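> structure for the following, please:
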Amino acid sequence: MSTMLTKTMRTIATAALIAGSVLAPRLALAQPTGITRTDLQRHDLSVPGREAVQVRVDIEPGVAFPNHSHPGEEIIYVLKGALEYTVAGKAPVTLKAGDVLFIPAGTVHAARNAGSVTASELATYIVDKSKPLLTLAQ
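Modelled structure (predicted):
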């Protein structure tokens, strides 16, 4: 095999490994049927080890996202529809377009589309970047 071809193959293999290691944490979050998560942006913060992540979440009518938590705060802005949130220690609350919700770090919570159209939220996370963005509750 020629030296040029060997170098090219080595470069392609290295690029594939790097891409796989970068994308794996994002792909590890299995999507429940009826829920679409669109990663919008992810940036390191001025606080070492912390990052901001913004995601659009679309939930079809009648679909629920199970109990879970995040390694940091979540700030929710409902874009459309009606979403019912259950946050540990509080009564469920239904929010509509334009409403907001703050979920403290590590707090177990769930969301359910309480309406008849696809509901959407903008979720902003301020999290520890060394931990998984989402952990399903037991």
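
> pLDDT below threshold where in the chain?
Low-confidence segments of the chain, defined by pLDDT under 70: 1-31.

> check the gap between the nearest residue to I59 once chain neighbours are set aside and H70 for me.
Spatial nearest neighbour of I59, excluding adjacent residues (CB to CB, 6 or more residues apart in numbering): N113 at 4.4 Å. Where you see a C-beta, it was placed from the backbone N, CA and C, and this is true even at glycine. Distance, N113 to H70, using CB to CB, to the nearest Å: 20 Å.

> can you pull out the helices in this protein?
Secondary structure of the chain (DSSP state H): helices at 3-27.

> show me what the residue positioned nearest the centre of it is bridged to.
Per CA atoms, centre = their mean, the C-alpha nearest to the average position across the chain is that of V55, at 5.7 Å. Going by DSSP bridges, V55 is paired in beta bridges with D39, A123.

> pretty sure the residue nearest to I59 sits against G81.
Yes: with contact defined as CB atoms under 8 Å, N113 counts as touching G81 (6.4 Å).

> what touches both of the two?
A shared contact of N113 and G81, defined by CB atoms under 8 Å, 6 or more residues apart in numbering, is any residue touching both; here these are 59, 119.

> ok, back up a step: now for the residue nearest to I59: which residues touch it?
Shown here is N113, whose contacts under the criterion CB under 8 Å, 6+ apart are 59-64, 81-84, 119.

> what about those residues, which are in strands?
In this view, these that belong to strands under DSSP state E are 59, 64, 82-84, 119.

> and these, which two are the farthest apart?
The two members of the ones in strands among the contacts of N113 with the most space between them (CB to CB) are A64 and A82, at 13.0 Å.

> how near is the spatially closest residue to S120 that is not a sequence neighbour to L45?
Spatial nearest neighbour of S120, excluding adjacent residues (CB to CB, 6+ apart): L79 at 4.1 Å. When CB to CB is applied, the distance between L79 and L45 equals 24 Å.

> then I76?
From I76 over to L45 the distance is 19 Å, taken as CB to CB.

> looking at these two, which is more packed in?
Using other CB atoms under 10 Å as the criterion, I76 and L45 rank with I76 on top: 21 against 12.
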